[in-house]
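Participant: Okay, sequence plus prediction incoming.
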Amino acid sequence: MLVLIVLFGFLASYGVIQGRFYWRRRRVHRTSVEELAARIRPVDMDLISEIAANFLNPSQLRLRLEPPTMWRDLGEEKGLAVLAANADAMLDLATIASKWDQVEGRIIAEMVRRDGVRLKRAVWKIRVATLFGFCEVFAPFQLQEAAAAYYLMRTRLLTLYEGAPFGISFPLAAAL
């Protein structure tokens with residue numbers, strides 16, 4: 001009996017998760033690129049590029065920006081929430097692109113999805129570290145990882161939409 005209850009719980013949760021993904025995908029495909037671009041909130045891309053470059057191309061294993069400066073300039077907790085929300089919008093844009101570009105679009109959409117997972121994981125780790133008071137130890141690496149993931153998502157998405165059959169729209173280019 002216990003086995004049946006556990007199996008039913010597993011199947012029910014699997015069904016709920018799959019249904020959620022199905023309905024989100026349907027909603028995304030009914031949304032225009034301009035509507036998704038409007039969901040992207042502005043961030044300081046110069047700062048994100050600098051942090052990402054330090055993470056992706058380390059020089060002498062030193063931080064060019066001090067962790068408190070990175071934390072403050074990224075906007076602390078609110079800034080991380082903006083990065084996470086923008087990552088969701090960029091993932092939706094990549095999903096739309098995979099519809100009209102069956103080969104490259106799907107590959108880049110998967111890369112964007114994986115970058116989004118890295119970003120959200122880093123944001124979650126920062127929140128947990130902040131909650132338990134380990135922010136000074138873990139936050140610098142996680143901040144760099146979040147900024148690098150955001151930078152890569154943005155760069156890949158811009159590259160994908162530049163090759164779009166309809167061209168990159170001004171609202172999308174401005175938003176990204």
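Facilitator: Structure's in. What do you need?
Participant: If you count contacts, what does the helix or strand where Ala149 lies end up packed against?
Facilitator: Element membership for Ala149 (DSSP states H and E) is helix 135-162. Here helix 135-162 touches helix 45-56, helix 67-73, helix 76-100, helix 104-132, helix 170-175, going by 3 or more Cβ pairs under 8 Å, 6 or more residues apart in numbering; DSSP states H and E. (Each C-beta comes from the backbone N, C-alpha and C, glycine too.)
Participant: pLDDT of the first one, averaged?
Facilitator: The predicted model assigns helix 45-56 a mean pLDDT of 83.
Participant: now what about it, what contacts it?
Facilitator: For helix 45-56, the surrounding residues in contact (Cβ atoms under 8 Å, 6 or more residues apart in numbering) are 63-65, 70, 73-74, 143-145, 147-148, 150-152, 154.
Participant: quick revisit: rebuild the helices and strands packed on helix 135-162 as JSON lines, extending it with mean neighbour count.
Facilitator: Rendered in JSON lines, the data for the helices and strands packed on helix 135-162 read as follows (neighbours: other Cβ atoms under 10 Å):
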{"stretch": "helix 45-56", "mean neighbour count": "17"}
{"stretch": "helix 67-73", "mean neighbour count": "16"}
{"stretch": "helix 76-100", "mean neighbour count": "19"}
{"stretch": "helix 104-132", "mean neighbour count": "17"}
{"stretch": "helix 170-175", "mean neighbour count": "15"}
